[in-house]
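[1] can you look at this prediction? I've put the sequence above it.
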Amino acid sequence: MMETVLPIVMIGVLFSVVAAKYLTSVRIQQMRQEAVEAEVATRSARGKLKQVENQSGVAGREVKTKQRKRKALEKQIEKYKKELAEIKR
């Protein structure tokens, strides 16, 4: 009896090992795919962040430029007001 049961059990164990290896391989592939997708998403997010940072820097420089121009124009206005007041005297 032991002679017939042992080979059947061994075959069952062998199939279990093969199935476990297959399922492990499938899961590893799924995890690799998820890692690739996460890497793509990370790179995309970094690219967008860099783009926003660049736009922010440009906008900040434009604000500073406009502030300088405004100050220059305000000085010119004051200068011309003084000249106009002198002419009216």
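    The structure has been received and is ready for your questions. Residues are numbered from 1 along each chain as shown.
[2] centroid-nearest residue for this structure?
    Against the mean C-alpha coordinate of the chain, by C-alpha atoms, centre = their mean, the closest residue is residue 45 at 1.7 Å.
[3] remind me which helix or strand that one belongs to.
    Counting by DSSP states H and E, the element that carries residue 45 is helix 2-88.
[4] and that helix, how far out from the chain middle?
    Here the centre of helix 2-88 is set off from its chain's centre by 0 Å, with C-alpha atoms, centre = their mean, to the nearest Å.
[5] just checking, what packs against that helix?
    Using 3 or more C-beta pairs under 8 Å, 6 or more residues apart in numbering; DSSP states H and E, no helix or strand is in contact with helix 2-88. All C-beta spots, glycine's among them, are computed from the backbone N, C-alpha and C.
[6] hmm, back to that, how near is the residue nearest to the centre of the chain to residue 39?
    Residue 45 sits 11 Å away from residue 39, taking C-beta to C-beta, to the nearest Å as the criterion.
[7] many thanks, I have nothing further to ask.
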